[in-house]
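1. With the sequence up front, the predicted model follows.
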Amino acid sequence: MARPNHFTNVQRFGPVQVGTRADARGRQKHTAACTAPRCGFSADYDSRPAAELAARTHTCTTN
Ligand SMILES: [Zn+2]
């Protein structure tokens, strides 16, 4: 049974972490979130490859 906001299959691409979780409706969501302080980048994607691509191409805007 999927738990909302419980991330699985977490993978790191530079400062960005990608994880898969179930949303409130029980559907899979793929989230890319930057761990750099003050960056705040975070986005949900319907597909894992989309989330991984976003993570790979993310550039922090805090510099
Ligand atoms: Zn960032």
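-> Yep, it's here.
2. The spatially closest residue to Ser47 that is not a sequence neighbour: how many residues sit nearby?
-> Once flanking residues are discounted, Ser47 sits nearest to His30: 6.4 Å by C-beta to C-beta, 6 or more residues apart in numbering. Placement of C-beta: from N, CA and C, glycine included. The local packing of His30 (other C-beta atoms under 10 Å) involves 22 other residues.
3. Identify the bridge partners of His30.
-> Legend: beta-bridge partners of His30 under DSSP bridges are Thr20, Tyr45.
4. and it, what does it touch?
-> 18-20, 44-48, 50-51 (C-beta atoms under 8 Å, 6 or more residues apart in numbering).
5. Pick out whichever of the residues you listed sits closest to Gln11.
-> Of all the contacts of His30, Gln11 sits closest to Val18, with 5.1 Å by C-beta to C-beta.
6. Neighbours of the residue nearest to Pro15 when sequence neighbours are not counted, how many?
-> What sits nearest to Pro15 in space, not counting adjacent residues and going by C-beta to C-beta, 6+ apart, is Ala36, at 4.5 Å. Look at Ala36: counted by other C-beta under 10 Å, it has 15 neighbours.
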